[in-house]
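Engineer: Let's see this in three dimensions:
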Amino acid sequence: MDGAIRGFVTAYALREGVGGITRAIQGMRRRRKGETVQRNQASPLPTRDALHAGFFVGGYTGTYHAIKGILVQRGAQQETASFAAGTVAGTSVLFLDRDKRRTMALYLMARVAQSAYNSLKAKGKWHFWGNKWKHGDTLLFSVASAQVMYAYVIRPGTLPPSYLAFIERISPIARSVIGGVRDCCRSRPINAEALKSYCLKHGREFPLLDSNPSAIPCAIMHPKHESCLVHNQAVFLKAFRSTFPLYLSLSFVPVLVFNTNAFMRKPLKSVSRSLLNAVQSTTFLSTFVSIYMGAVCLHRNLDLPDHKLNYFVVGLFSGCSLLVEKKSRRSELALYVMPRAIDALFLSMVDRRYLPSIPHGEVALFSICMGSLMYYYDHERDTVAPFVHALIRRVVYGQDPLLKVPSVAKLLPQEEEDERYDE
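Structural biologist: All right, here's what the predicted structure looks like:
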């Protein structure tokens, strides 16, 4: 029971703290602009997502300890008890929405694969060529981002709605224009009336006369700015303003929730470091968006016909923006994006009937992955990634993590692996 309560409080405080700070910053920005803040945006009542997160983590922690204790008392081996308890407790993921369940299941699959590889490598049974490449994490992130951005433009239905909404919020291109690009790549007639209305709304004459153009020109993609360079600067600033409140809350709240003692000892250092991490992560994401838009504009200025693979290639180049981030966080970001890319590819193949659809497959996958992860944590702890190690130690076992908790929990970057708590 103590584990369930502890898990609920930790998850609820983290989720509600992130949402609360983000809403507060956005509310101050709206008031400065003279806009009205809706009541539900400033409500002190607990949000649905925070409650569900609390029930999920609390349910998992309590169930895991209960099942493991029963199995051990009945003579089960520790390895079997860890795996079985983690698998059964994984069904608590049903407290979350289906899209979140899919995302978490795929992310855990990547983490289990990482632990399994580390285990085999330590035993001398398998070694993956290229795993020591200096920028292998950036390459993985670029490939995963290419698939995600391709899905965003060509097959948006394969992305989780919340993730798609996040991309659209920081995207410099209107949804109607993206629809026109999609129709153009599929050789379908574009919705000329919608595009014309969008251009006139921003004071630009509609430049197309053909309903089947070879490409949507820059004059339609960014009618506010005639210059692509000026537009690219505006894209960077818009992405920075849109995402900084989120990154600031994601940098500050985990430190406050998980590293309370360190925060109380050195509050100024903790706040300044969180601020610096938020600026760096926001710069990374803003650079990604700016490179993507700049590459699309370059393609238009070369007067080349559009093709759906262009947006995959552009995503590869945009992934180089990961170099802006700390080296210690790059692999975490790559492992965060990779499951979404795999999911988008899987759903595309299901839509084309290359693969079957499995009802509630995400619940089964999550449960098995949690069982495997708890096995590795309990019996091969060195194979578990530092971030996952610190999270399990804190949330499941209620102990202070040996490593600092990452500064951006939502995107899962981690602090330097050799950093310990300040004495």
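Engineer: what's near enough to touch R186?
Structural biologist: Residues counted as contacts of R186 (CB atoms under 8 Å, 6 or more residues apart in numbering) are 154, 308. (Each C-beta comes from the backbone N, C-alpha and C, glycine too.)
Engineer: Can you find the helix or strand in the chain with the smallest mean pLDDT?
Structural biologist: One helix or strand of the chain scores below all others by mean pLDDT, DSSP states H and E: helix 39-42, with a mean of 46.
Engineer: Tell me the helix or strand right after that one.
Structural biologist: Counting by DSSP states H and E, the next helix or strand C-terminal to helix 39-42 is helix 48-73.
Engineer: tell me which residues in that next one are buried?
Structural biologist: 49-68, 71 (16 or more other CB atoms under 10 Å).
Engineer: Now find how far off-centre that helix is within its chain.
Structural biologist: On the basis of CA atoms, centre = their mean, to the nearest Å, helix 48-73 sits 24 Å off its chain's mean C-alpha point.
Engineer: Let me see the mean pLDDT of the helix or strand where S145 lies.
Structural biologist: Per DSSP H and E: S145 is located in helix 136-154. Mean pLDDT, helix 136-154: 93.
Engineer: Ok, stretch 89-109 next?
Structural biologist: 87.
Engineer: Endpoints of it, how far apart?
Structural biologist: Its start and end residues considered, stretch 89-109 measures 16 Å (CA to CA, to the nearest Å).
Engineer: ok, residues contacting that stretch?
Structural biologist: 52-53, 55-57, 59-61, 63-64, 67, 160-163, 335-336, 339-340, 342-343, 362-363, 365-371, 373.
Engineer: which parts of that stretch are buried?
Structural biologist: In stretch 89-109, counting by 16+ other CB under 10 Å, buried: 89-93, 95-96, 99-109.
Engineer: Just the ones of those in helices?
Structural biologist: Applying DSSP state H to these, the entries found in helices are 89, 99-109.
Engineer: Toward the C-terminus, what is the element adjacent to the helix or strand hosting F240?
Structural biologist: F240 is part of helix 228-258 when elements are defined by DSSP H and E. As assigned by DSSP H and E, the chain's next helix or strand after helix 228-258 is helix 260-265.
Engineer: Next SSE downstream of that following helix?
Structural biologist: In N-to-C order, the element after helix 260-265 by DSSP H and E is helix 267-301.
Engineer: Give me the angle between that following helix and helix 228-258.
Structural biologist: 150 degrees (axes from the mean of the first three to the mean of the last three CA atoms, to 10 degrees).
Engineer: any idea of the mean pLDDT in stretch 191-203?
Structural biologist: Mean predicted confidence for stretch 191-203 is 88.
Engineer: buried ones in that stretch?
Structural biologist: 195-196, 198-199.
Engineer: Kindly report the same for stretch 227-237.
Structural biologist: 228, 231-232, 234-236.
Engineer: Tell me the one of those nearest R300?
Structural biologist: C228 (8.0 Å; CB to CB).
Engineer: dump the residue contacts of that closest one.
Structural biologist: Going by CB under 8 Å, 6+ apart, C228 touches 218, 222, 294, 297-298, 301.
Engineer: Which pair in the residues you listed has the greatest spatial separation?
Structural biologist: Among these, H222 and L298 lie farthest apart (CB to CB), at 13.4 Å.
Engineer: Looking at these two, which is more packed in?
Structural biologist: H222 (25 against 13; other CB atoms under 10 Å).
Engineer: That one: what's it in contact with?
Structural biologist: Contacts of H222 (CB under 8 Å, 6+ apart): 172-173, 228, 231, 297.
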